[in-house]
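Next one to model:
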Amino acid sequence: MTLIQELMNQAATGSLLNTLTIKRFSPAEIRETIQSLVATEQIELANALGDAGMSLYPDSEDILAITSLLAMMNQDWPLAVELLEDLMKKQGNTTPPFTFVMFVRALRCNLDPARALEVANQGLALYPQQVELLAEKLSLDDYSDSMMPTVFSHQ
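Take a look at the predicted model:
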């Protein structure tokens with residue numbers, strides 16, 4: 001039986017998410033199930049499964065990735081930043097471009113444009129042709145330029 005079938009059975013009987021049931025599934029299966037739940041707009045169940053996945057597999061790249069996306073969907077920017085930081089530490093030198101892009105966006109939404117620019121530059125050092133990262137950097141450059149004090153010359 002798939003995890004989604006298990007969840008539907010539990011929901012039909014009115015029982016809560018059972019971590020013993022969920023523990024039988026891999027982090028990848030949990031991630032895929034969360035993706036299916038989000039695709040069918042079952043957001044509360046997706047969030048509950050994400051919480052269960054984090055409690056069972058807090059160091060899993062699959063769980064960190066999907067729960068960071070859930071946090072972004074829920075506009076919980078501090079949590080998204082924290083989860084993406086953990087994910088990037090876990091991925092180390094193999095961090096894919098998509099993770100950099102999501103981290104930059106989470107930092108921007110968390111009102112930390114200076115750090116977002118720093119992360120965009122780190123990503124571009126590894127992936128110089130990544131269009132989304134380049135667009136984020138240019139937008140952040142424009143933002144930081146607009147925040148610079150204007151210097152008037154006195155003649």
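
Could you measure from the residue nearest the centre of the chain over to Pro78?
Nearest to the geometric centre of the chain sits Ser68, at 2.8 Å (Cα atoms, centre = their mean). Distance of Ser68 to Pro78, given as Cβ to Cβ, to the nearest Å: 12 Å. Placement of C-beta: from N, CA and C, glycine included.

again with Tyr143
Distance of Tyr143 to Pro78, given as Cβ to Cβ: 20 Å.

same thing with Thr19?
Counting by Cβ to Cβ - Thr19 and Pro78 are separated by 25 Å.

average model confidence for the strand or helix carrying the residue nearest to the centre of the chain?
Ser68 belongs to helix 61-73 when elements are defined using DSSP states H and E. On average, the pLDDT along helix 61-73 is 97.

buried sites along that helix?
61-72 (16 or more other Cβ atoms under 10 Å).

distance between it and the chain's centre?
Here the centre of helix 61-73 is set off from its chain's centre by 4 Å, with Cα atoms, centre = their mean, to the nearest Å.

Which SSE is immediately downstream of the helix or strand bottoming out on mean pLDDT in the chain?
Lowest by mean pLDDT, DSSP states H and E among the helices and strands of the chain is helix 3-12, with a mean of 74. As assigned by DSSP H and E, the chain's next helix or strand after helix 3-12 is helix 19-23.

contacting residues around that next one?
3, 6, 10, 30, 49, 52-53, 55-56 (Cβ atoms under 8 Å, 6 or more residues apart in numbering).

Tell me who's in contact with the residue nearest to the centre of the chain.
Contacts for Ser68 (Cβ under 8 Å, 6+ apart) come out as 80, 83-84, 87, 102, 106.

cool, and Ser139?
Contacts of Ser139 (Cβ under 8 Å, 6+ apart): none.

Need the pLDDT of it.
Predicted confidence (pLDDT) for Ser139: 92.

Does it lie in a helix or a strand, and which?
helix 131-147.

Kindly format the C-alpha coordinates of that helix as PDB.
The C-alpha trace of helix 131-147 is given here as PDB (Å, rounded to 0.1, in the frame of the first residue of the first chain):
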ATOM      1  CA  VAL A 131      19.400  32.500 -15.700                       C
ATOM      2  CA  GLU A 132      17.200  32.600 -12.600                       C
ATOM      3  CA  LEU A 133      20.200  33.300 -10.300                       C
ATOM      4  CA  LEU A 134      21.500  36.000 -12.700                       C
ATOM      5  CA  ALA A 135      18.000  37.600 -12.700                       C
ATOM      6  CA  GLU A 136      17.900  37.500  -8.900                       C
ATOM      7  CA  LYS A 137      21.400  39.100  -8.700                       C
ATOM      8  CA  LEU A 138      20.500  41.900 -11.200                       C
ATOM      9  CA  SER A 139      17.300  42.600  -9.300                       C
ATOM     10  CA  LEU A 140      19.200  42.700  -6.000                       C
ATOM     11  CA  ASP A 141      22.000  44.900  -7.500                       C
ATOM     12  CA  ASP A 142      19.200  47.400  -8.600                       C
ATOM     13  CA  TYR A 143      17.800  47.300  -5.100                       C
ATOM     14  CA  SER A 144      21.100  47.900  -3.400                       C
ATOM     15  CA  ASP A 145      21.900  50.700  -5.800                       C
ATOM     16  CA  SER A 146      18.600  52.400  -5.000                       C
ATOM     17  CA  MET A 147      19.500  52.100  -1.300                       C
END
